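Participant: Requesting a structural model of the entry that follows:
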Amino acid sequence: MILYKGMESKCFFTRKHVLFGCIVCFVCALYVLSQYLQEFILSRSFHHLSDFSYDEDGINRTNLDGPFLVDTPYCKIPNLDPLDISVRHWVRQPMRVACPRDLSLTYVFGGKLFVNWTAVNISYSNEGKMVAYCRYQSIRHPENGKHNDYSYSVESDKFREWVNVSEEFIRTQCYNASNNVIYTNFHYVINHLYSKTDVEVPPERRTPNVLLVGVDSVSRMNYIRYMKKTRQVMLKLGALEFVGYNKVADNTFVNLVPLLAGKFAEELPWNEKIRHQTFDPFRFLWNDYRDSGFKTLFVEDSPLTAMFDNAKAGFRKKPTDFYNRPMAVAMEETSEIWFENHFCVLDRLETDILLDYVYSLIRMMSKHPYFALVYLSRMTHDYIEDAGTIDGSIYRFFDDLRASRLLENTVVVLFSDHGMRFGEIRNTYIGKLEERLPLLNVVIPTRFANGRMKELHNLMTNANRLTTPFDIYEFLNHLLYFDDYKPSSTYGVSLMNTIPLNRTCPSAMISSHWCTCTKMIIVQNNSSIVNMISNLFVRIINAKFMNISDQCATLYLDNIESSYLIKPLDSLLKFESSENEVLNQKIRYGDPVNPVVDYQVTIRTRPGGGVFEGTFRHNEEYMALDLVSDISRLNRYRDDSYCIQNSELKKYCYCANN
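Facilitator: Residues are numbered from 1 along each chain as shown. All right, here's what the predicted structure looks like:
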């Protein structure tokens, strides 16, 4: 206690003061503890998928335990190794893309277009290539123009150092002293786009931002194989991996219409007969979010095969506030800027250019709610290993957003339309299965989850249920309207509600040839395969107490109680291809591929009469038979195992001196 001059050295506090102070401190401590516990529970909830161990091939084995990804009464989706022997030889090293080393001569910063004279002096020092001056033109979509239409403005004045730019999309060209074009590039310009008149939304607002990032033709399995860095950063963000996410149609368009509109394509209505009609009259998720005050963004690469434009009429008016199609088409038609299998725009990956554009828009909209859809298809569409080529770009995008704290009030959905639909891997059972099980990760920000433990619990439960694009549509509507949310149809269930345990492929609107749920068939107990499995089962149990065999009696097979074959639907095994998206759709079937099948066997052993159940995976082609489940003890063992203290072994042991 500090005493000032003139003060007496004595205490001025009574017992009441002390008691009151203690009570205040106690209440404050309780409050701090409650906040800490709440944050702890939330963090454990979100990061329960973060505790992974990776083996030498970089694949997480911890989350691959158990025979089924989805294990509900009416749907069992087998859990197969991404590096199973039947597909291992198709898993190649991803291609390394090395964009040209010549530096871009121009760049944009702070709403200004600069000439990089260092790069000019390095790359354009030869006579005839010396830059005399540069100009730029804006790129626009003509009013009521067709989806592939764009136009260039009149060229700007000449500049040699820098110039202010007020347009969103620009083409830059530099000229030599003879007025010949020696350099062309394209730039996105961001900073001017945010209007100071836009109303800032307070951080406690109820509905979070939505960021959808789609990567074409990436199955959950291929994500595990090749996108290891992206997966790590998603797990850092607390992503839930939806392992039973099943596509409902064949290709990109017919799988993303259910996600964005909650309908099948024919219900928009759209079909091949009206392919020349635009999609402007139809309502998609971005319309609902924009009507609720959100800024909206739709960005795609590969404009010639884009989801609403490949053999379709696209949009006459831009569907969202930010829409990069005019820029994308203009770049696509400028052949001299493309390198390395059309992956590089001069010295940069097209993917990096687009993701930088999206990152800048998100930073600009940090105080305004937004709905963003980014869809990347060029790099990953053709070969399974190309998912590894795009991995670094997507990892950096998410890691930069995380490090900049731009995702603290944003729901992130990382997804795909389907797995790889082409190539030799499609001729295997695993290839057919993973084509139907695309990638789906969902990140719920802690700020939004706070106080919504029921919805969080439902999300975690649904991560291991059969889900579809219709469920994502309902989930994103639920996010927007929350207490006022009403399901739009019976097709989907919001991921924040509980998906029923009795869900089947038909009730989820999944036709039989896309269905990954297996069927259970009773097998005769005296069949040769069941006898082989049952005897192997007993040997596996005996091996568990090999080190204490003098205490536990050797077990023998007494009876086979039941046996079931768990196998895929024939329509999945025989499926080869489909034709047409809507009208006259034809499904082509061929000879079935050899499936990996499971047998669920229940046996009784002697002495002691223990009843055990296990699931064994049989790969007939490779003559492989493995136990892929925990062993369940189905009857009580009471005092049968009194002679040992190991709790894990008690359910197997029958003491030798019983």
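Participant: can you pull out the helices in the stretch 201-350 of the chain?
Facilitator: 220-226, 228-236, 252-261, 285-291, 325-332, 350-364 (DSSP state H, counting those that start in this stretch).
Participant: packing partners for the longest one?
Facilitator: Identification of packing neighbours for helix 350-364 by 3 or more Cβ pairs under 8 Å, 6 or more residues apart in numbering; DSSP states H and E yields strand 181-188, strand 295-300, strand 370-376, helix 386-403. From N, CA and C alone the C-beta is placed, and that goes for glycine too.
Participant: picking up where we left off before, may I see the helices of the stretch 201-350 of the chain arranged in a markdown table, with mean neighbour count, mean pLDDT and distance to Tyr74 as well?
Facilitator: Shown next, in a markdown table, are the helices of the stretch 201-350 of the chain (neighbours: other Cβ atoms under 10 Å; pLDDT from 0 to 100; distance: least, Cβ to Cβ, whole Å):
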| stretch | mean neighbour count | mean pLDDT | distance to Tyr74 |
| --- | --- | --- | --- |
| helix 220-226 | 25 | 97 | 21 |
| helix 228-236 | 21 | 97 | 30 |
| helix 252-261 | 23 | 97 | 21 |
| helix 285-291 | 18 | 97 | 29 |
| helix 325-332 | 22 | 98 | 43 |
| helix 350-364 | 20 | 96 | 40 |
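Participant: Which one of the ones you listed lies nearest to Asn116?
Facilitator: Shortest distance between Asn116 and the helices of the stretch 201-350 of the chain, using Cβ to Cβ, is found for helix 350-364: 16.1 Å.
Participant: what angle do the closest one and helix 325-332 make?
Facilitator: Angle, helix 350-364 to helix 325-332, by axes from the mean of the first three to the mean of the last three Cα atoms, to 10 degrees: 150 degrees.
Participant: Identify all contacting residues around helix 350-364.
Facilitator: If you take Cβ atoms under 8 Å, 6 or more residues apart in numbering as the criterion, helix 350-364 is touched by 188, 190-191, 193-194, 211, 297, 299, 301, 322, 324, 342-345, 370, 372, 374, 376, 378-379, 390, 393-394, 396-397, 400-401, 404, 406.
Participant: And stretch 616-634, by the same measure?
Facilitator: The contact list for stretch 616-634, computed with Cβ under 8 Å, 6+ apart, reads 66-67, 78-79, 85-86, 529, 532-533, 536-537, 540-541, 594, 596-599, 601-602, 610-615, 651-652.
Participant: all strands of the stretch 351-500 of the chain, in order?
Facilitator: In the stretch 351-500 of the chain, the segments counted as strands under DSSP state E, counting those that start in this stretch are 370-376, 410-415, 440-443.
Participant: Using TSV, lay out those together with mean neighbour count.
Facilitator: Compiled in TSV, the strands of the stretch 351-500 of the chain are given as follows (neighbours: other Cβ atoms under 10 Å):
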stretch	mean neighbour count
strand 370-376	24
strand 410-415	22
strand 440-443	23
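Participant: circling back: tabulate the helices and strands packed on helix 350-364 (TSV), appending distance to Tyr485.
Facilitator: TSV is the format used below for the helices and strands packed on helix 350-364 (distance: least, Cβ to Cβ, whole Å):
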stretch	distance to Tyr485
strand 181-188	35
strand 295-300	20
strand 370-376	16
helix 386-403	27
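Participant: Between the two ends of stretch 541-550, how far is it?
Facilitator: End-to-end distance for stretch 541-550: 15 Å, by Cα to Cα, to the nearest Å.
Participant: what's it in contact with?
Facilitator: 551-552, 554-555, 605, 612, 631, 644, 646, 649, 652-653, 656.
Participant: Going by neighbour count, which of those are buried?
Facilitator: Among the contacts of stretch 541-550, those classed as buried by 16 or more other Cβ atoms under 10 Å are Cys552, Leu555, Thr605, Phe612, Ile644, Leu649, Tyr652, Cys653.
Participant: Roughly how far does the last one sit from Ser647?
Facilitator: So the one you mean is Cys653. 11 Å (Cβ to Cβ, to the nearest Å).
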